[in-house]
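Trainee: Fold the following.
(2 chains, ligands or ions: 2)
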Amino acid sequence: MANVDSREAHVEIDSVRLGFGERDVFEDLSCRFARARITVLMGGSGTGKSTVLRMIAGLQRPDSGRVVVAGEDVAALSERGLQRVRRRLGMLFQDGALLDSMTVLENVGLPLREHTKLGEAEIRDAVHERLAAVGLHDVDELLPGELSGGMLRRVALARAIIMDPEIVLCDEPFSGLDPPNVERIEALFRELCHDRGLTLIVTSHHMASSLRMSDQIVLLQHGRAVLGDPGELATSGDADITDFLGADGAALARQIAREGHR
Amino acid sequence: MTDTPIHRLGRFGSSWIVGLGRIANFAGGIVLAIVRPPWRVQRVVRAVYDAGVLSVALICGAGFAVGMVLGLQGYTTLVRFGAQESLGAVVGLVLIRELGPVVTGLLVIGRAGSATTAEIGAMVSTQQLDGLRMMSIDPMHFVVMPKALALAFVMPLLSSLFIVFGVFGGYVVGVELVGLDGGSYMASLENAVGFRDDVLQSLVKSAVFGALLGVIATYRGFTSPGNAMGVSRSTTSAVVTTSVWLLLADYVITAFWGV
Ligand SMILES: Nc1ncnc2c1ncn2[C@@H]1O[C@H](COP(=O)(O)OP(=O)(O)OP(=O)(O)O)[C@@H](O)[C@H]1O
Ligand SMILES: [Mg+2]
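Mentor: Ligands and ions are numbered 1, 2, ... in the order given. Down below sits the predicted model:
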């Protein structure tokens, strides 16, 4: 796995231990997320995918260990320091986390209204551009309660990228999406990452799309992380990995590795 | 862990004091957020509308009903001493000094306070506050401060409204129903009420109640565990805690005012 390790890490998790009450979620977790690459975090339900994203975002502090984001250890930062680092982050929460008293336009434009001097018209244009990128039109005046789950998640994604962050964290961006929209979001991720140099860290249950779009995969199991690209995972002899991929996943991974993905 | 009643009492006492410290710290955070720009005028106005304007009908109705009861009770008592001409003074003083601030306080706790706790609690459990943090927006400043400020601000206004409708309710019973002279009802009210001892005391009380409610209701929502059961517990606890503190504060203010 030398090719993955040799790339510059944009986010690095180093010997992290984290428990809730008596239960350890991570005993000794270490993994690296390369700059300008799409990394998909995979793993069964409850293995801690969302928790990894929350640690990177500084929303969850580990009991011990370091979480280095763009050169700063967020595990040791004050709230003020976190605010500074978060300017460079965008995050899509698993349930969207849109403000339910505000319309779509207000929600997506909120970071611009708070942190820039742009006028209403410019904000509206910027919002429309991001909404179009995620395949939404004419939703400005709707409230989050009036959106479907898939629309909600896409609006939240538009909000996550409105400030042009360096690093985008996406928790389950594909759940609740139909195949055309899965492809649209995949394409958007590739554009953000490969054309504009963003670092994407995505969690997903969606085996096919994960294998298709990822540059590297981090598989969480038993509080540890296994890192590799799809081909490496398919050919690894590890019983746990083979189990997780299943026969279909392994076949797909081998095929993607053969064709050279993308 | 040792578990005698004494130990338990000790643990309860120290956790209570720690909790008090946390609330005080939180209240300090709200004050800091008020003086720190941007001013969030729109959010405050919106919160005032939610907390205040939507409670107006309730407060008017309740004030009127309480005033009528005071009119009846006051009349039947006063008439025994031949002092029924002082009905206006009795109704007015009781409303201004006690029932206005206290009943309004309890009603607003149930109406707007519980809604505030539940709304902020729901925002915690749906990660809306974390979403704000990720946009480098401080939830204390964006969500908590406007709501707390609104509760503190509307309380004296609603209490005044309650008093006006209460006096009117007393008037309806005393003058229209029982047949006292309308002029002497109003005159006895005017003569009895002083600014410092009555009106100012009333305003100070309702302002203190409002501030208490603003801090406790938002604190309970902000610290509620992120699930539906946690939110409902926090809401109940906010209502109970604030009601008890309100009644205690009422006694303390009344005593210190030196009646
Ligand atoms: N606030 C919390 N309090 C207690 N336990 C928690 C908390 N947050 C997460 N956990 C525990 O941490 C573990 C990982 O949770 P996490 O949400 O990260 O899983 P996940 O991999 O994202 O699962 P899913 O695929 O279902 O979203 C779970 O076992 C969960 O019970
Ligand atoms: Mg999750």
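Trainee: what's near enough to touch A:Gly48?
Mentor: By C-beta atoms under 8 Å, 6 or more residues apart in numbering or on different chains, the contact set of A:Gly48 is A:18, A:25-26, A:220, A:223. Placement of C-beta: from N, CA and C, glycine included.
Trainee: neighbours around the residue nearest to A:Arg254 when sequence neighbours are not counted, how many?
Mentor: With sequence-adjacent residues excluded and distances taken as C-beta to C-beta, 6 or more residues apart in numbering or on different chains, A:Arg254 is closest to A:Ala234, at 4.6 Å. A:Ala234: 22 surrounding residues under other C-beta atoms under 10 Å in any protein chain shown.
Trainee: quick one: A:Ala234 and A:Thr242, what's the gap?
Mentor: Distance, A:Ala234 to A:Thr242, using C-beta to C-beta, to the nearest Å: 9 Å.
Trainee: Please apply the same query to B:Val193.
Mentor: Between B:Val193 and A:Thr242 the distance is 85 Å, computed by C-beta to C-beta.
Trainee: what packs against the top helix by length along chain A?
Mentor: For chain A, the helix with the greatest residue count under DSSP state H is helix A:239-259. In terms of contacts (3 or more C-beta pairs under 8 Å, 6 or more residues apart in numbering or on different chains; DSSP states H and E), helix A:239-259 is packed against helix A:207-213, strand A:216-221, helix A:230-235.
Trainee: So which residues on the stretch 51-200 of chain A come close to chain B?
Mentor: Within reach of chain B by C-beta under 8 Å from any C-beta of the partner chain, the stretch 51-200 of chain A has these residues: A:54, A:57, A:59, A:82-84, A:86-87, A:89-91, A:93-95, A:97-100, A:110-111, A:114-115, A:159-160, A:163.
Trainee: before we move on, back to that, drop anything exposed from the contacts of A:Gly48.
Mentor: Buried members of the contacts of A:Gly48, counted by 16 or more other C-beta atoms under 10 Å in any protein chain shown: A:18, A:25-26, A:220, A:223.
Trainee: A:Gly176 - that's part of a strand, no?
Mentor: No: counting by DSSP: H, G, I helix; E, B strand; the rest coil, A:Gly176 falls outside a strand, being coil.
Trainee: quick one: what helix or strand has residue 170 in it?
Mentor: The chain I'm using is chain A. Per DSSP states H and E: A:Cys170 is located in strand A:167-171.
Trainee: you looked at the wrong chain, it should be chain B
Mentor: Applying DSSP H and E as the criterion places B:Gly170 in helix B:145-171.
Trainee: contacting residues around the residue positioned nearest the centre of chain B?
Mentor: With distances taken as C-alpha atoms, centre = their mean, the residue of chain B nearest its centroid is B:Gly105 (2.8 Å). Going by C-beta under 8 Å, 6+ apart, B:Gly105 touches B:155, B:159, B:206, B:209-210, B:213, B:246.
Trainee: And the nearest residue in space to A:Val74 that is not next to it in sequence, how far from B:Asp130?
Mentor: In space, and not counting its chain neighbours, A:Val74 is closest to A:Gly58: 4.2 Å by C-beta to C-beta, 6+ apart. Using C-beta to C-beta, one obtains 10 Å as the distance from A:Gly58 to B:Asp130.
Trainee: who has more neighbours, those two?
Mentor: Comparing A:Gly58 with B:Asp130 by other C-beta under 10 Å, the one with more neighbours is A:Gly58, at 22 against 19.
Trainee: can I assume that one is in contact with A:Val85?
Mentor: Yes: between A:Gly58 and A:Val85 there is a contact at 6.6 Å, judged by C-beta atoms under 8 Å.
Trainee: Select only the buried ones of the residues of the stretch 51-200 of chain A next to chain B in ChimeraX?
Mentor: Buried members of those can be picked out in ChimeraX with the line below, counting by 16+ other C-beta under 10 Å:
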select /A:54,57,59,82,83,86,89,90,91,93,94,95,97,98,99,110,111,159,160,163
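Trainee: In helices, which of the residues of the stretch 51-200 of chain A next to chain B fall?
Mentor: A:54, A:82-84, A:86, A:110-111, A:114-115, A:159-160.
Trainee: In the stretch 151-259 of chain B, what residue lies closest to chain A?
Mentor: With C-beta to the nearest C-beta as the measure, B:Gly226 is the residue of the stretch 151-259 of chain B nearest to chain A, at 11.2 Å.
Trainee: what about that residue, how many residues close to it?
Mentor: B:Gly226 has 15 neighbouring residues, counting by other C-beta under 10 Å.
Trainee: Hmm, B:Ser125 and it touching each other?
Mentor: Yes: here B:Gly226 reaches B:Ser125: they are 4.2 Å apart, a contact under C-beta under 8 Å.
Trainee: returning to what we had before: name the strands paired with the strand holding A:Cys170 and say parallel or antiparallel.
Mentor: Strand A:167-171 pairs in its sheet with strand A:89-92 (parallel), strand A:199-203 (parallel), by DSSP bridges.
Trainee: which other residues reach the longest one?
Mentor: So the one you mean is strand A:199-203. A:10-11, A:33-42, A:49-50, A:52-53, A:56, A:166-173, A:189, A:192-193, A:210, A:214.
Trainee: what about 7 Å?
Mentor: Contact with strand A:199-203 is made by A:10-11, A:33, A:35-41, A:49-50, A:53, A:56, A:166-173, A:189, A:192-193, as judged by C-beta atoms under 7 Å, 6 or more residues apart in numbering or on different chains.
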